[in-house]
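A.B. asks: Have a look at this prediction, sequence included:
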Amino acid sequence: WYYARYTSPKARDMVDKRGNYWLPVDQYIGGIEHAILHLMYFRFYHKLLRDARLVDSDEPAANLLCQGMVIADTYYRESANGNKEWINPADVQVQRDERGRITGATLVADSQPVQIGGSEKMSKSKNNGVDPQVMVDKFGADTVRLFSMFAAPPEQSLEWNESGVEGMARFLRRLWRDVHAHVAQPDHPEVDANALDAAQKTLRRQIHEAIQKVGDDYGRRHSFNTAIAALMELLNAVNKFADTSDQGRAVRHEAFEAIVLLLNPITPHVSHALWQALGHAETLLEDVPFPQADPAALVRDALTLAVQVNGKLRGRIRVAYDQGFRGWIVAAGAGTAAGPGTGDGYAATLVADAALRAADSGGLEEIAMRDDDPSDLVHDEFMLGMYGETDLGRSILGTHDTIAGISRDAIDSFYRERYKPRAM
């Protein structure tokens with residue numbers, strides 16, 4: 001019950017009314033072994049405190065995250081009596097093939113071969129613990145923290161390897177070079193959203209998409225590896241952005257500020273230095289407001305939709321964003337390769353997140369559509385929406401009684417039969 005006592009220092013009783021202010025704990029983080037021992041006792045004692053009317057809450061913590069194990073390679077030699085003598089990885093020199101796979105290992109002390117035992121949870125019994133201080137001394141604490149967060153989702157096992165740490169060091173060095181190259185350029189005005197050209201708007205949209213994603217990954221999903229990946233993608237986009245105009249430099253400056261602030265929870269030392277390099281006074285970045293996505297910057301001017309009929313690409317159309325996501329676009333052969341002008345006899349009826357094709361025989365054929373983002377397959381989302389499984393489908397169907405002359409009931413019946421509902 002020590003966690004509850006922390007909320008009531010110097011109290012005469014075990015816990016006073018301050019306990020109800022601070023408890024339950026917002027987030028419990030522990031290894032998987034804690035889930036069967038410490039967590040059990042943790043909950044038991046809290047319920048005891050509740051029954052004794054010392055606290056009001058039923059559970060000691062609101063959220064639980066069981067973090068994965070740290071695993072590392074193991075090496076050993078067999079002694080004369082058949083026992084295995086485990087050797088620490090720091091004392092072993094490994095040989096790797098062109099794909100980075102271990103093909104052999106020798107003991108540094110005598111250059112003689114050792115047996116490779118595979119990757120296992122770090123433990124004293126296997127002597128495969130790695131002192132992170134060695135990596136900290138070589139690459140810095142920020143780099144080691146960045147690797148630890150990027151190597152695996154927090155609930156999965158993390159495989160410790162030096163090459164991964166080196167990769168994170170290269171990323172931070174590149175960010176450092178890019179920021180200092182940017183600040184060496186002439187001063188620039190503030191970003192004027194109304195004065196941006198298409199390329200500048202695209203980069204600014206990518207900035208605020210990254211802000212939105214990283215904020216969600218940190219706060220809700222606890223998916224730190226995907227947050228770091230999003231910032232790597234944003235830095236790549238900044239490197240491809242060659243605009244040196246006033247607004248181009250202003251948008252690039254906004255990108256670097258966002259990257260620095262978003263990385264700060266993981267790499268505070270590098271972020272602190274780069275924040276000053278970007279022209280800000282020395283301060284704790286924890287006191288600087290966390291970036292918030294600008295809804296206006298997230299809006300796309302247009303989407304390119306690829307039209308497929310019976311699995312064959314028949315054309316691409318570019319539609320305005322608001323049309324693409326909020327209504328039906330009827331393009332009966334209007335310049336699209338899928339229209340009746342090709343002899344296929346189809347009248348194109350397109351929707352933002354999926355589409356239907358009305359054949360001149362009265363039947364319906366499937367048309368699959370993708371957004372510019374290849375990870376966003378929107379067809380299945382809409383098909384589920386056809387029979388009320390998604391808000392998007394319900395909202396679109398609710399505004400149209402007929403589509404290309406075919407009743408909504410007929411369309412709904414057709415797709416109910418063709419696409420059976422499945423769990424989202």
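C.D. replies: Now that the structure is in, tell me what you want to look at.
A.B. asks: Tell me where this protein is predicted with low confidence.
C.D. replies: Residue ranges of the chain with pLDDT under 70: 302-424.
A.B. asks: What's the first helix or strand after the longest helix anywhere in it?
C.D. replies: The single longest helix within the chain, with elements called by DSSP state H, is helix 162-183. For helix 162-183, the following helix or strand on the C-terminal side (DSSP states H and E) is helix 198-216.
A.B. asks: So which bits of that next one are buried?
C.D. replies: Neighbour-count burial for helix 198-216, counted by 16 or more other Cβ atoms under 10 Å, picks out 200-215. Using the backbone N, CA and C atoms, a C-beta is placed for each residue, glycine as well.
A.B. asks: Summarise which helices and strands it is packed against.
C.D. replies: Applying 3 or more Cβ pairs under 8 Å, 6 or more residues apart in numbering; DSSP states H and E, one finds that helix 198-216 contacts helix 224-240, helix 246-263, helix 295-298.
A.B. asks: quick check, distance from it to the centre of its chain.
C.D. replies: Helix 198-216 sits 14 Å away from the centroid of its parent chain (Cα atoms, centre = their mean, to the nearest Å).
A.B. asks: now swap in stretch 212-229 and tell me
C.D. replies: That offset, for stretch 212-229, works out to 5 Å (Cα atoms, centre = their mean).
A.B. asks: What segments of the stretch 51-200 of the chain are helices?
C.D. replies: Taking DSSP state H, counting those that start in this stretch, the helices of the stretch 51-200 of the chain run over residues 132-139, 141-150, 162-183, 198-216.
A.B. asks: could the ones you listed be laid out in CSV, adding distance to Val288?
C.D. replies: Putting the helices of the stretch 51-200 of the chain into CSV (distance: least, Cβ to Cβ, whole Å) gives the following:
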stretch, distance to Val288
helix 132-139, 26
helix 141-150, 18
helix 162-183, 16
helix 198-216, 14
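A.B. asks: Tell me which of these lies nearest to Asp56.
C.D. replies: Smallest distance to Asp56 across the helices of the stretch 51-200 of the chain (Cβ to Cβ): 30.9 Å, for helix 198-216.
A.B. asks: angle of that closest one against helix 246-263?
C.D. replies: Counting by axes from the mean of the first three to the mean of the last three Cα atoms, to 10 degrees, helix 198-216 points 10 degrees away from the direction of helix 246-263.
A.B. asks: Would you mind writing the CA trace of helix 198-216 as CSV?
C.D. replies: C-alpha atoms of helix 198-216 as CSV (Å, rounded to 0.1, in the frame of the first residue of the first chain):
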residue,chain,number,x,y,z
ALA,A,198,0.9,23.5,-53.5
ALA,A,199,4.3,22.0,-52.4
GLN,A,200,4.4,24.2,-49.3
LYS,A,201,0.8,23.2,-48.4
THR,A,202,1.7,19.5,-48.9
LEU,A,203,4.7,19.7,-46.5
ARG,A,204,2.7,21.7,-43.9
ARG,A,205,-0.1,19.0,-44.1
GLN,A,206,2.6,16.3,-43.5
ILE,A,207,3.8,18.3,-40.5
HIS,A,208,0.4,18.5,-38.9
GLU,A,209,-0.4,14.9,-39.8
ALA,A,210,2.8,13.9,-37.9
ILE,A,211,1.8,16.1,-34.9
GLN,A,212,-1.6,14.4,-34.8
LYS,A,213,-0.2,10.9,-35.1
VAL,A,214,2.6,11.3,-32.6
GLY,A,215,0.3,12.9,-30.1
ASP,A,216,-2.1,10.0,-30.4
